[in-house]
Every structure is written in C-alpha cells, then in structure tokens.
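Peer 1: Just the structure for this:
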Amino acid sequence: MKSTTYWGVAIALTAIQITLPEQQAHAHGWTEFPEARQSICYEQGGLWSGTPPNAACAQAKAQSGTYPFVQRNEFAINIAAPHYNNMDAVKAAVPDGSLCYANDPQKSGMGAEHSEWTRTKMQPGTFELVFNATAPHNPSFWQFYITKAGVDVSKPLKWDNLTLIQEYGNVAVDSDKKYRMNVTIPANRNGDAILYTRWQRDDAVGEGFYNCSDITISDEGAINPPEPGLPYLEQGDAFIPSDIELSTPKIGESVNYTVFNKDGVEHSRFSLTITQENITDWDRLLASQVNGYYETNFGGHVFIGRWHAQMNHYMYFRDELHNNFINTKNSEASGQFSISPPNQYVEAVITPTVLQAIENATVNYGDYVVLTPKDSVGDIDSVSWNQISGSAVETEIGSNNELMIHTGSLDNSEHQLSFELTISAQDEQDTTVYSFTVLPTQVDPGPGPSPEPGSNWDPKAVYTGGDKVDHKGKEWTAQWWTQGEEPGTTGEWGVWR
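Peer 2: As a prediction, this is how the structure comes out:
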C-alpha cells in the first residue's frame with residue numbers, strides 16, 4: 001500500500017493578525033424537544049476525549065471537528081428582508097443537502113449521509129414542541145416540516161423531501177427562555193423521519209434558524225431532555241489584543257490560545273492548524289474550542305465573546321476581531337492568544353514514522369502533543385486513532401487527521417500512554433502503536449527567596465513570571481514559576497526568554 005509519514009510535536013506559541021471577511025449570522029437556540037441532531041451529539045459526549053458513542057456523531061466529528069456540537073445554538077443564516085418570505089430565496093441560501101447545517105461549511109458533518117443518528121420516539125398526533133432559545137427573538141415566525149413517507153432519511157436532506165405540517169406567527173417566549181408550540185404529526189405516519197424546524201426573525205437582517213430532529217414515529221412516546229443553564233461571568237482582556245502587530249495567517253500555521261488560572265498557571269491550551277477550509281473562520285473555530293471545553297468540563301465558567309444585553313446571553317461576535325473577550329467566573333482566569341509558524345515548534349519530543357513504533361519518548365506534563373499527518377503519498381481511504389493504554393487523556397482529531405493530546409488533563413504524575421494509528425488504503429490496512437511517557441513537573445513548594453533584579457541565575461532559587469536574571473552575558477525573563485531550569489536551554493518559547 002501507499003505510505004504516509006507522521007510525527008509528533010509539542011506546539012509552541014507566537015502571534016499574528018488577520019482581517020476577517022463578513023461572516024454568517026449569530027444564531028441562538030436549538031430544538032430541545034424533539035432534540036436537534038447537533039444537541040444530541042453534544043449531550044452524548046466524546047467530543048474532547050476519544051470518539052462520540054454514536055456512529056453518526058463520530059462521523060460528523062471526523063468531518064467537521066467539534067465545532068458543530070459546541071456551537072449547537074448557531075445553526076443559522078441571514079436572508080435579508082423581504083427575501084426570507086420568498087421560499088425560492090430561502091432554498092437558494094440553504095440548498096439541498098445543507099438543510100441540517102444551514103449551509104455553514106464548518107458544520108457540514110451534521111448533514112452527511114448516515115443511518116444511525118439517535119432518534120427521539122414520537123407518537124402520531126399533537127405534541128408540544130420546545131425550542132430552547134439562548135437568545136429569544138421577536139418578532140419572528142415558525143415553520144415545521146416532516147419528511148415525506150418513503151424518504152430515505154439517512155441521505156442528505158432536500159427541500160423536496162419535506163412536507164409543511166405546521167406554521168406559527170410571532171410566539172411569546174416563556175420566562176425560562178423556551179418557545180412552546182403544538183405541532184401535529186399526521187396520524188397515518190410511522191417509522192423513521194426528520195422533523196425540520198425553521199425559526200425566522202421578522203426584521204431587516206432576516207436571521208433564520210434551521211434544525212433537524214431525527215425521530216421515530218410509534219406508539220411508545222418520548223422523554224423530554226434536561227434543561228441547561230447559563231452561568232454569570234465577568235469580562236476580562238481581549239481574546240485577540242489590538243495592541244500587537246498581527247498578519248494574515250498562512251496555511252500550515254497554528255493559532256493558539258492558552259487559559260491560565262488565577263495564579264497565572266496554565267490551565268488549558270487550544271490550537272487550530274490553518275487550512276484552506278478554515279482560513280476565513282479560524283477565530284470563531286478557536287473560540288469555540290475554548291467555549292466547548294469549558295462548557296463540557298467546567299460548567300461554562302470560561303467563555304470567549306461578550307455579553308449581548310439586548311439578547312440577554314453571551315455570544316461570540318464573529319465580525320469583530322478585537323471586540324471579543326475572555327469571560328470568567330469571578331475573574332479567576334486569564335488568556336493569551338498566539339500563533340505557531342509552520343514547523344517552528346519547540347524541540348520535537350516524538351518523531352514516529354508510520355509502521356515504525358516509537359519507544360522511550362518522553363514529554364513533560366502540560367505539553368500539548370500533536371501527532372500530525374504530513375507528506376502524504378497515494379490515496380488514503382481512512383486514518384483512525386485510538387488510545388489503547390494509560391490514564392484517560394483529552395484528545396481531539398483535527399481537520400487534517402492530526403491527533404491532539406492535552407497532557408495537562410492528567411494528574412501531575414508519571415504516565416505511560418499508548419496510541420494506535422490505523423491507516424486503510426486500497427483494501428489494505430496497517431496498524432502502528434506509539435507509546436511515550438509523560439513526566440511530572442516540579443510542584444511549587446511555596447514562596448522561595450525573591451531574587452534581586454539583575455542578579456545572576458541561581459539553580460536553587462525559585463523564580464516566578466516576570467523575574468529577571470543575568471546568565472552568560474544576557475538578561476533573561478521568566479514566563480512562569482520555575483526552579484533549576486537553566487536560561488538558554490528552554491527553547492525560544494520556554495520558561496526563559
């Protein structure tokens with residue numbers, strides 16, 4: 001079979017600027033009952049570690065990453081007034097095949113062909129549809145469709161597959177920010193179907209929301225999903241500062257964002273490799289990584305964006321590069337944006353080649369390790385990664401099949417990790433195992449002797465971020481807590497700079 005070369009690196013950090021084109025709509029909500037496809041995938045988990053348990057969701061993640069799930073309230077597009085009242089204009093804006101992701105190419109995995117989407121069991125007749133509005137919009141109007149009998153619902157959805165079954169004008173939102181409407185499923189229907197929801201703002205912008213709810217019509221009824229909440233946050237520094245010189249990123253570079261806790265210690269790190277497909281969307285995709293991770297694991301205590309007073313919720317403003325911020329609970333976190341130029345990483349700690357297992361490789365606790373496909377030769381049918389040993393660690397598969405491993409999600413002790421790479425091509429399959437050790441970092445023993453500014457470096461002294469020392473004729477500044485690490489040996493993006 002053809003071969004592909006892979007290697008692993010710990011990503012380094014630097015900075016860029018980019019000018020964004022006009023973006024799509026800011027959308028706010030999803031069908032809660034019967035639950036929208038993207039929300040079910042989100043609730044089932046597997047986004048940040050491993051693979052979603054549902055095969056269709058796993059395929060969507062492989063195609064579009066985590067973005068469609070963590071942005072489950074943003075399946076929308078703008079169709080300016082009065083054109084949203086013209087169904088030909090609506091169908092042109094949301095063409096056949098894109099109905100389940102509102103023609104947003106970054107969410108296309110949610111409309112891909114698959115037969116195993118999780119389905120809500122519904123009864124024929126009238127039920128109460130619930131739409132969770134993270135930002136209520138009035139005036140607006142509603143349309144509800146169902147797939148025609150005999151339609152293959154595993155295929156990408158088309159407008160001709162649908163029958164309009166219910167319409168509403170402006171509907172008042174409940175105090176809990178839910179829209180509730182009675183919808184009637186035809187009495188003669190049974191089996192698998194898609195209930196399609198269109199929620200259209202009646203204003204000049206014409207923001208419209210489109211959700212696919214996979215259902216099975218039977219006599220067994222349904223179970224209502226839980227209702228999520230929204231934490232109160234405090235605004236911090238800009239997500240992308242305006243006081244640094246930035247340039248348009250090039251394909252192959254990586255934009256990064258690091259979140260620090262109240263003590264200035266790194267809490268999590270996120271990275272996105274720039275590709276032809278995401279070069280105009282990188283900022284919102286990077287922000288969605290942060291927002292999705294903290295919503296999933298820490299109750300939404302960190303959010304990139306800002307509060308929208310009229311809409312009464314936090315949102316990311318995709319067309320305002322320097323006007324989004326890190327928002328945190330009780331101002332207990334901060335963040336830093338940066339970029340890694342192509343191949344300008346810290347010293348590689350893993351250099352595997354496909355079909356050759358690596359041994360005795362080590363990384364430090366907190367390193368963001370990436371196993372990245374490169375220099376592909378021939379047609380590869382599929383690439384898959386699977387953790388086969390060691391403590392559970394946060395991983396994510398990027399748009400180029402790179403495996404991103406966040407060792408900071410482990411506890412600060414030694415860990416042996418193994419990952420299996422499987423490559424399929426031309427009815428052949430090769431499997432390789434990569435194993436490496438995560439070494440613990442030293443734990444801060446508490447305040448140590450405070451060095452005098454400009455003093456010589458002392459391997460026994462404790463230094464914190466901002467401390468300056470002289471060593472071998474140069475002045476060095478510590479970026480975070482350190483002890484025993486010699487200036488000049490930690491690399492361009494290490495603790496000493």
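
Peer 1: who does Ser340 bridge with?
Peer 2: Ser254 (DSSP bridges).

Peer 1: next one: Leu439
Peer 2: Asn364.

Peer 1: quick one: secondary structure of Glu485?
Peer 2: coil (DSSP: H, G, I helix; E, B strand; the rest coil).

Peer 1: Look up how far Gln71 lies from the closest residue to Gln479 other than its chain neighbours.
Peer 2: Leaving aside its chain neighbours, Gln479 sits nearest to Val495 (5.2 Å; criterion: Cβ to Cβ, 6 or more residues apart in numbering). Placement of C-beta: from N, CA and C, glycine included. Val495 is 35 Å from Gln71, where distance means Cβ to Cβ, to the nearest Å.

Peer 1: Which one's more surrounded, those two?
Peer 2: Gln71 (24 against 19; other Cβ atoms under 10 Å).

Peer 1: The more buried one against Tyr101, yeah?
Peer 2: No - counting by Cβ atoms under 8 Å, Gln71 stays clear of Tyr101, with 10.3 Å between them.

Peer 1: who touches both of these two?
Peer 2: Listed as contacting both Gln71 and Tyr101 by Cβ atoms under 8 Å, 6 or more residues apart in numbering are Lys107.

Peer 1: And the strands in the stretch 351-497 of the chain, which stretches?
Peer 2: 361-364, 368-374, 382-389, 394-397, 403-406, 415-425, 428-439, 468-471, 474-477 (DSSP state E, counting those that start in this stretch).

Peer 1: I'd like to know which of those strands has the weakest mean confidence.
Peer 2: Mean pLDDT across the strands of the stretch 351-497 of the chain is lowest at strand 368-374; the value there is a mean of 65.

Peer 1: residue ranges with poor pLDDT in the stretch 151-300 of the chain?
Peer 2: Applying pLDDT under 70 to the stretch 151-300 of the chain picks out residues 175, 220-232, 243-248, 296, 299.

Peer 1: show me what contacts the residue lying closest to Trp30 once chain neighbours are set aside?
Peer 2: Closest residue to Trp30 apart from its sequence neighbours, by Cβ to Cβ, 6+ apart: Ala36 at 4.4 Å. The contact partners of Ala36, by Cβ under 8 Å, 6+ apart, come to Trp30, Arg72, Phe75, Thr197, Asn211, Cys212, Ser213.

Peer 1: same thing but at 10 Å, please
Peer 2: Neighbour list for Ala36: 29-30, 42, 72-73, 75, 100, 110, 120, 131-132, 195, 197, 209-214, 225 [criterion: Cβ atoms under 10 Å, 6 or more residues apart in numbering].

Peer 1: same deal with Gln63?
Peer 2: Lys107, Ser108, Gly109, Met110, Gly111, Ala112, Ser399.

Peer 1: Can I get the buried part of those residues as one PyMOL selection?
Peer 2: Burial among the contacts of Gln63 is assessed by 16 or more other Cβ atoms under 10 Å; the matching PyMOL selection reads:
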select buried, resi 107+108+109+110+111+112+399
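
Peer 1: would you turn the contacts of Gln63 into TSV with distance to Asn323 and pLDDT?
Peer 2: What follows is these, written out as TSV (distance: Cβ to Cβ, whole Å; pLDDT from 0 to 100):
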residue	distance to Asn323	pLDDT
Lys107	24	93
Ser108	28	94
Gly109	29	94
Met110	28	96
Gly111	31	96
Ala112	34	95
Ser399	27	63
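
Peer 1: now for the contacts of Gln63, which pair is the farthest apart?
Peer 2: For those, the maximum inter-member distance is 16.8 Å, found between Gly111 and Ser399 (Cβ to Cβ).

Peer 1: Ser98 versus Pro156, what's the distance?
Peer 2: If you go by Cβ to Cβ, the gap between Pro156 and Ser98 works out to 8 Å.

Peer 1: More neighbours: the two, which one.
Peer 2: Taking neighbours as other Cβ under 10 Å, Pro156 and Ser98 compare with Ser98 leading, 21 against 16.

Peer 1: Show the contacting residues for the nearest residue to the more buried one once chain neighbours are set aside.
Peer 2: Excluding its sequence neighbours, the residue lying closest to Ser98 (Cβ to Cβ, 6+ apart) is Gly111, at 5.8 Å. By Cβ under 10 Å, 6+ apart, Gly111 lies in contact with 37, 60, 63-64, 68, 96-104, 155-157, 212.

Peer 1: picking up where we left off before, out of the contacts of Ala36, which are inside strands?
Peer 2: Counted as lying in strands by DSSP state E, out of these, are Trp30, Thr120, Phe131, Asn132, Leu195, Thr197, Phe209, Tyr210, Asn211, Cys212, Ser213, Asp214.

Peer 1: now for the residues you listed, which pair is the farthest apart?
Peer 2: Distances among these were taken as Cβ to Cβ; the most separated pair is Thr120 and Phe209, at 18.6 Å.

Peer 1: Who has more neighbours out of those two?
Peer 2: It is Phe209, of Thr120 and Phe209, that has more neighbours when counted by other Cβ under 10 Å, with 27 against 20.

Peer 1: If that one is in a bridge, with which residues?
Peer 2: In this entry, Phe209 is beta-bridged to Ala76, Trp199, by DSSP bridges.

Peer 1: correct me, but it touches Tyr84?
Peer 2: No - at 11.4 Å, Phe209 and Tyr84 do not qualify as touching, with contact defined as Cβ atoms under 10 Å.

Peer 1: what touches both of those two?
Peer 2: Common neighbours of Phe209 and Tyr84, counting by Cβ under 10 Å, 6+ apart, are Ile77, Arg198, Gln200, Arg201.

Peer 1: Contact partners for the first one?
Peer 2: For Ile77, the contacting residues are 24-25, 27, 84, 90, 93-94, 98, 101-104, 206-210, taking Cβ under 10 Å, 6+ apart as the criterion.
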